[in-house]
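Asks: All I have is the shape, not the residue letters:
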């Protein structure tokens, strides 16, 4: 089967899903090409590790403006380039990963002498859409041949917004069974965390782009509320974004000496080996890969009780939830976890790992997408 992944940028969790899915399909004998936007903007870029990894697997990445900007002239330009690709490469299926790429693909396939199905994975509903953009995206979602959501919460959200429920299917994001092996000895942040851990410090980790949606400031506020008699505790933030602003907030809150910022890390999940508690205080999520990676790496997980997160954490069973935006509740959960005995930690970690193996493996995700591709072609 010849498949085009039509995306905006290969970055973050969505970029990782596209990367892993493309590689998995390639290993199963399918031909995959990736069509994405060329010009990068602040906060929107292609991660070099994804581009290099795809190139190593002979998966072509074609960049053209624009599958990202809502600029009809650039969108038509991208559609023209994609149409030539559909014809030349005898494409069977277009798998889009955002609304604008879907529009570009629909224009590209129009008028061809054969029908090429388009499905779109909705990796998360952006919090910065204007009313006009929301209306446009809902219309486009109702025009593609199949819509995939990565969580039940997103399914219900799209249904409430007017997307036809009969055309939506849930496919959970999946990740490889094992974290990739990478040398850590030359990473200064790795060495620093090793030293802290060896000195008895408990490490609370938060992985993801720093900003309002992930709401890392809440963890800073909660850190302030953990009494000193609970032992030495630090929070480490792994990810790019508005680090300077969060660092300033930590200093103003009085916990500047208890936080570590590593910036973006290639294969950030390897740092989970050093983390005692993984926290995700987001206000909005699709299906957070960092929490799925935490299941695989057997780390206690804590997250805000919102759709997406509460599908990967069963409160008190596979991790812990707290009311979104409530620093006092987050602090109480963190104190509880810090005081848990080893038997209780093992019970929760083992249940979470079993849940990972049952629902969130890469192989399971690939099989489900292949089933959709085949049904759309028939």
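Replies: Here it is on my side, so go on. These figures come from a predicted structure and were not determined experimentally. Numbers count the residues shown, from 1 in each chain.
Asks: In what element of secondary structure is residue 321 found?
Replies: Using DSSP states H and E, residue 321 maps to strand 320-322.
Asks: Show me what that strand is packed against.
Replies: Strand 320-322 sits against strand 300-304, helix 327-339, with contacts defined as 3 or more Cβ pairs under 8 Å, 6 or more residues apart in numbering; DSSP states H and E. (C-beta placed from N, C-alpha, C; glycine too.)
Asks: Not counting its neighbours along the chain, what's nearest residue 161?
Replies: residue 138 (5.4 Å; Cβ to Cβ, 6 or more residues apart in numbering).
Asks: tell me the contacts of that neighbour?
Replies: Contacts for residue 138 (Cβ atoms under 8 Å, 6 or more residues apart in numbering) come out as 158, 161, 162, 163.
Asks: can you check residue 313 too?
Replies: 291, 301, 302, 303, 319, 320, 321.
Asks: what do you get if the cut-off is 10 Å, keeping everything else the same?
Replies: By Cβ atoms under 10 Å, 6 or more residues apart in numbering, the contact set of residue 313 is 280, 288, 291, 294-295, 301-305, 319-321, 348, 352, 355.
Asks: Could you list the low-pLDDT ranges of the stretch 151-300 of the chain?
Replies: For the stretch 151-300 of the chain, residues meeting the criterion pLDDT under 70 lie at 180-185.
Asks: which residues in it form strands?
Replies: 168-170, 202-207, 233-238, 259-263, 277-280, 300-304 (DSSP state E, counting those that start in this stretch).
Asks: export those strands to CSV and tack on distance to residue 270?
Replies: Listed next are those as CSV, based on distance: least, Cβ to Cβ, whole Å:
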stretch, distance to residue 270
strand 168-170, 29
strand 202-207, 11
strand 233-238, 10
strand 259-263, 12
strand 277-280, 13
strand 300-304, 17
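Asks: Between these, which one is closest to residue 367.
Replies: strand 168-170 (13.3 Å; Cβ to Cβ).
Asks: Check the gap between residue 238 and residue 77 for me.
Replies: Distance of residue 238 to residue 77, computed by Cβ to Cβ, to the nearest Å: 37 Å.
Asks: returning to that earlier point: right, and the pair among the contacts of residue 138 with maximum separation?
Replies: Distance extremes for the contacts of residue 138: the farthest pair is 158 and 162 at 8.2 Å, using Cβ to Cβ.
Asks: The two: which is more packed in?
Replies: residue 158 (22 against 13; other Cβ atoms under 10 Å).
Asks: burial of residue 198, as a residue count?
Replies: Going by other Cβ under 10 Å, the residues that sit close to residue 198 add up to 8.
Asks: repeat for the one 10 residues further on
Replies: As a burial measure, the neighbour count of residue 208 was computed by other Cβ under 10 Å and equals 25.
Asks: who's in contact with the residue in the chain sticking out farthest from the centre?
Replies: No residue in the chain sits farther from the centre than residue 113, which is 36.6 Å out by Cα atoms, centre = their mean. Neighbouring residues of residue 113 by Cβ under 10 Å, 6+ apart: residue 87.
Asks: That one belongs to a strand?
Replies: No - using DSSP: H, G, I helix; E, B strand; the rest coil, the assignment for residue 113 is coil, not a strand.
Asks: and it, how far is that from residue 87?
Replies: Counting by Cβ to Cβ - residue 113 and residue 87 are separated by 9 Å.
Asks: Ok, residue 50 next?
Replies: Distance from residue 50 to residue 87, by Cβ to Cβ: 27 Å.
Asks: next one: residue 342
Replies: Taking Cβ to Cβ, one finds residue 342 at 61 Å from residue 87.
Asks: Give me the neighbour count for the residue nearest to residue 263 when sequence neighbours are not counted.
Replies: Distances taken as Cβ to Cβ, 6+ apart put residue 240 closest to residue 263, at 5.9 Å, once the chain neighbours are dropped. For residue 240, the neighbour count with other Cβ under 10 Å is 19.
Asks: And residue 107, by the same measure?
Replies: 17.
Asks: swap in residue 188?
Replies: Applying other Cβ under 10 Å, I find that residue 188 has 8 neighbouring residues.
Asks: Report the contact partners of it.
Replies: By Cβ under 10 Å, 6+ apart, the neighbours of residue 188 are residue 262.
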